[in-house]
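>>> Quick one: sequence plus predicted model below, questions after.
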Amino acid sequence: MHAHNVLGQANDLLDLGRLYMRQYQLEEAEKSFQDALEPHKQAQDVLGQANDLLNLGKLYMRRDQLEEAEKSFQGALELHKQAQDVLGQANDLQNLGGLYMRQNQLEEAEISFLDALELHRQAQDVLGQANDLQSLGELYMHRDQLEEAEKSFQDALELYKQAQSVLGQANDLWNLGELYMRRDQLDEAEKSFQDALELHKQAQSEAEKNFQDALELHKQAQDVLGQANDLWSLGELYMRQDQLEEADKSFQDALKLHKQAQDVLGQANDLRNLRELYMHRDQLEEAEKSFQNALELHKQAQSILGQANDLQSLGELYMRRDQLEEAEKSFQDALELHKQAQFILGQANDLQDLGILYMHQDQLEEAEKSFQDALELHKQAQSVHWQANDLRNLGELYMH
């Protein structure tokens with residue numbers, strides 16, 4: 001195979017991985033990024049390899065696999081240094097800073113954000129600088145350094161205005177509102193929250209317009225899969241805006257087109273979104289039907305992680321209905337599949353769900369074992385938030 005063909009194949013795999021990421025098909029995305037790495041190495045494309053690792057890092061962050069994420073970001077950083085790609089290095093450092101924040105390693109996070117800021121300045125990337133400053137502001141808020149936080153948010157706001165990022169400005173104003181609340185400056189807080197609200201509305205209507213325009217163009221090009229993905233994105237946006245009727249219509253239309261395109265995983269994702277919508281509306285029967293259909297499709301596609309997540313969600317639905325036997329079976333089956341997929345966070349969450357179920361049934365010994373096992377796995381996954389939940393659950397159990 002010629003180097004050109006190898007490179008083309010690698011880039012296609014990278015693009016495919018990004019598409020899967022957008023659709024939360026993390027197992028398929030991981031495979032695509034991993035598969036892209038080899039041909040990028042063969043073609044001696046250092047930047048290609050760096051991008052593969054950067055995307056893998058982002059994927060591991062989503063899964064709370066923080067050790068793998070750090071390894072990937074560090075690998076990408078090394079390669080971006082080799083390629084003397086200043087902007088690439090800045091983005092790697094920004095991602096590393098976010099990872100250290102999640103792990104509560106505030107000193108390492110601050111160094112990463114400051115280094116990223118320096119490199120984004122060198123690369124004259126205004127939006128990059130704004131994001132670094134916003135992250136620094138959040139870090140200073142964490143540390144109660146309110147003066148430094150305010151300065152960072154104000155500087156970020158100026159840069160977001162320059163970059164014409166409505167969403168960036170909105171998030172920044174919201175952060176400033178939080179800061180003023182802490183200081184008891186209630187008038188300033190109210191103004192910041194009001195301005196943030198206005199800009200968030202504007203950002204959402206701009207996003208809706210972009211998705212609608214994309215849909216039009218995909219129709220013109222008779223690109224069925226493109227249309228389906230646009231409708232999926234619109235549905236997600238409507239869900240966020242609590243426009244449940246519009247969301248329902250978008251997901252249903254996406255489902256029809258994914259069927260037409262014979263895209264099994266696309267259909268499974270549409271059904272996942274529909275079941276979330278039905279759960280939201282307390283339409284538990286429709287939600288169950290969507291879960292079951294999604295599970296069938298994930299089996300067809302041989303997606304172990306997809307099946308595991310369906311079963312976990314199905315267990316939660318049975319819990320809501322007080323069908324504890326069915327819930328236990330679903331959680332146990334999910335646990336088995338999460339083990340097969342070597343997804344630590346998934347296993348931990350299944351165990352946490354089982355612990356809650358056993359608490360309900362007054363099986364306190366089984367509950368304790370489940371919570372303890374969940375805690376161990378959440379420690380392995382370095383998930384501070386979930387460890388706190390496990391400890392709270394154990395506390396409640398000991399109060400019993």
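Looks like it came in fine.
>>> would you list every one of the helices in the stretch 51-200 of the chain?
Applying DSSP state H, counting those that start in this stretch to the stretch 51-200 of the chain gives helices spanning 66-82, 86-102, 106-122, 126-142, 146-162, 166-182, 186-220.
>>> Can I get the ones you listed in JSON lines including mean pLDDT, mean neighbour count and distance to Lys58?
(Glycine included, C-beta is placed from N, CA and C.) As requested, the helices of the stretch 51-200 of the chain are exported to JSON lines (pLDDT from 0 to 100; neighbours: other Cβ atoms under 10 Å; distance: least, Cβ to Cβ, whole Å):
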{"stretch": "helix 66-82", "mean pLDDT": "95", "mean neighbour count": "20", "distance to Lys58": "8"}
{"stretch": "helix 86-102", "mean pLDDT": "96", "mean neighbour count": "22", "distance to Lys58": "7"}
{"stretch": "helix 106-122", "mean pLDDT": "97", "mean neighbour count": "19", "distance to Lys58": "15"}
{"stretch": "helix 126-142", "mean pLDDT": "96", "mean neighbour count": "22", "distance to Lys58": "14"}
{"stretch": "helix 146-162", "mean pLDDT": "97", "mean neighbour count": "19", "distance to Lys58": "22"}
{"stretch": "helix 166-182", "mean pLDDT": "93", "mean neighbour count": "21", "distance to Lys58": "18"}
{"stretch": "helix 186-220", "mean pLDDT": "91", "mean neighbour count": "15", "distance to Lys58": "20"}
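>>> and of these, who's closest to Gln252?
Among these, helix 186-220 comes nearest to Gln252, with 14.7 Å by Cβ to Cβ.
>>> other SSEs contacting the helix or strand that that closest one is followed by?
Counting by DSSP states H and E, the next helix or strand C-terminal to helix 186-220 is helix 224-240. Counting contacts by 3 or more Cβ pairs under 8 Å, 6 or more residues apart in numbering; DSSP states H and E, helix 224-240 packs against helix 3-22, helix 186-220, helix 244-260, helix 264-280.
>>> got the angle between helix 224-240 and helix 264-280?
Here helix 224-240 runs at an angle of 20 degrees relative to helix 264-280 (axes from the mean of the first three to the mean of the last three Cα atoms, to 10 degrees).
>>> domain parsing for the chain?
Taking automatic domain parsing as the domain assignment, the ranges for the chain are 1-123, 125-202.
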